[in-house]
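>>> Using only what follows, build the 3D model:
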Amino acid sequence: MGKIGILTYFGTLNPGTFLQAYCVQQMLKSRFPDDHVELVGYRIWKEYLRDFYRPNKAYISLRQWLKDYKKCKKYRNARRKYFTISSSSLVTQNSQKGWDFIAQQDYDLIVVGSDTVLEILPKQVKSNHVPVYWLPPSIKCKKVMCAASARSTYINQLSLKTRQILKEAVNDFELLGVRDDVTFSLIKSLGLEREHNLCMVPDPTFTFEIDASLADRYLATSGLNLNKPIVALHLTPKCKFGDKLTSNYRRRGYQVVSLGPARYADYCLTDVSQFEWAGLFSHFELVITHRFHDTVFSLKNFTPVISILPSKSFATPGGQSKHYSLLKLFGMHETNLISDIDSVDPDRIVQLGTEAKKHFKHDKVQKKLTELKENFVTFIDKIWDVYNNVGN
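Residues are numbered from 1 along each chain as shown. Model (predicted):
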């Protein structure tokens, strides 16, 4: 029996982050039934502390704190129930310590991703810091990337020293499955020697089967009138137009819910579990969000969505972003994406939302969803081939 480690984010109170790790784990366990598959117990820090503590005073209240506490319990219980995590764990920001820890686990195969694990933050660029997820050749096992993303990291940001480290890393991977055009271009530009090993891979959550009854039961006790149209918002705490946007939709007869803490919303659905969250979107007429996986699950629930980049830093100078690549798969990148949050007003957002609802094509979205699910399954088969030396 072999040992397979999944190196990704899994500890935050983010439903998309949880479900991408869950889907990768489930798919690998299904494809490798005779091997031990586990999440590598490595984290940069205790992410749940970051999510639970909200430094923005505008969102701190006893009611919100109780919702956060309820959500924490749901996520903790789900991690215990659904995740297989390595018996050893490490919390550190020191990449060398992280690499030493991973090497000690004696994996036969490490799967890196999905999510934005390859991102190099501006402060890391300045210090030539390389995140642990860029596994070096010193870790002696087979390595693949699975729908990994570098978010907005691009080659011209990086020093020659960092480029060399990343080049050595990617050339030691047997398979490089990335989630977006930005990451594809970055890895290719590093001096990849075997370009046939690089390919685009859909987000693993496209394989997730939604249990709609979980969201139905949650909403039945939420106080929402499910017979009245609902618009869902998920805006950043620094967003300047939340109040005006909400007022605009109220005048049009909508209930406004928020998927994050927000005083301007009629209801804040912030205490949902990961699995309840997945089915919420079918009850909305429109979703306006800055979150990648909100967009994914809006589409999976056949709900029109407007995706907003939280800031210009989420895109490269050429305008590429993970949101852009996702919407491009559905032919919506020119109509359903707001790339410059500072250049739009609430009225324009409402107009874009109206157009998004009008032009939403259920059959077209269904066809693409089926294709993306099949593509991810095919990629898991490629990992199986790598693991078993098929074609080498």
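>>> Show me this structure divided up by domain.
3-206+372-387, 210-370 (automatic domain parsing).
>>> Please report the distance of the residue lying closest to residue 173 once chain neighbours are set aside from residue 186.
Residue nearest to residue 173 in three dimensions, not counting chain neighbours: residue 143, with 4.8 Å by CB to CB, 6 or more residues apart in numbering. All C-beta atoms are positioned from the backbone trio N, CA, C, and that covers glycine. Per CB to CB, to the nearest Å, residue 143 is found 17 Å from residue 186.
>>> Kindly report the same for residue 253.
In terms of CB to CB, residue 253 sits 46 Å off from residue 186.
>>> Between those two, point out the one with more neighbours.
Comparing residue 253 with residue 186 by neighbour count (other CB atoms under 10 Å), the higher total belongs to residue 186, at 24 against 8.
>>> residues in contact with that one?
118, 150, 153, 154, 155 (CB atoms under 8 Å, 6 or more residues apart in numbering).
>>> and what of residue 191?
Taking CB under 8 Å, 6+ apart, we find residue 191 in contact with 163, 167, 171.
>>> and of the residues you listed, the nearest to residue 308?
Proximity of these to residue 308 (CB to CB) peaks at residue 163, which lies at 31.6 Å.
>>> excluding its backbone neighbours, what's nearest the closest one?
residue 190 (6.1 Å).
>>> ok, the closest residue to residue 278 other than its chain neighbours to residue 368 distance?
Spatial nearest neighbour of residue 278, chain neighbours left out: residue 210 (4.9 Å); criterion: CB to CB, 6+ apart. Distance, residue 210 to residue 368, by CB to CB: 16 Å.
>>> what's the answer for residue 1, then?
37 Å.
>>> now swap in residue 7 and tell me
Relative to residue 368, residue 7 is positioned 29 Å away (CB to CB).
>>> What is the distance between stretch 145-155 and the centre of its chain?
Centroid displacement of stretch 145-155 relative to its chain, using CA atoms, centre = their mean, to the nearest Å, is 12 Å.
>>> Now name the helix or strand holding the closest residue to residue 157 other than its chain neighbours.
Counting by CB to CB, 6+ apart, residue 157 lies nearest to residue 125, which is 5.3 Å off, once chain neighbours are set aside. Residue 125 belongs to helix 122-126 when assigned by DSSP states H and E.
>>> Could you list the buried residues of the helix or strand just after that helix?
As assigned by DSSP H and E, the chain's next helix or strand after helix 122-126 is strand 142-148. Across strand 142-148, burial judged by 16 or more other CB atoms under 10 Å covers 142, 143, 144, 145, 146, 147, 148.
>>> now strand 142-148, how far from the centre of its chain.
Per CA atoms, centre = their mean, the centroid offset for strand 142-148 relative to its chain is 16 Å.
>>> How about exporting it as CSV, limited to the C-alpha atoms?
The C-alpha trace of strand 142-148 is given here as CSV (Å, rounded to 0.1, in the frame of the first residue of the first chain):
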residue,chain,number,x,y,z
LYS,A,142,6.5,11.8,-7.2
LYS,A,143,4.8,15.2,-7.3
VAL,A,144,1.8,16.6,-9.2
MET,A,145,-0.1,19.8,-9.1
CYS,A,146,-3.9,19.6,-9.1
ALA,A,147,-5.9,22.7,-10.1
ALA,A,148,-3.3,24.8,-8.3
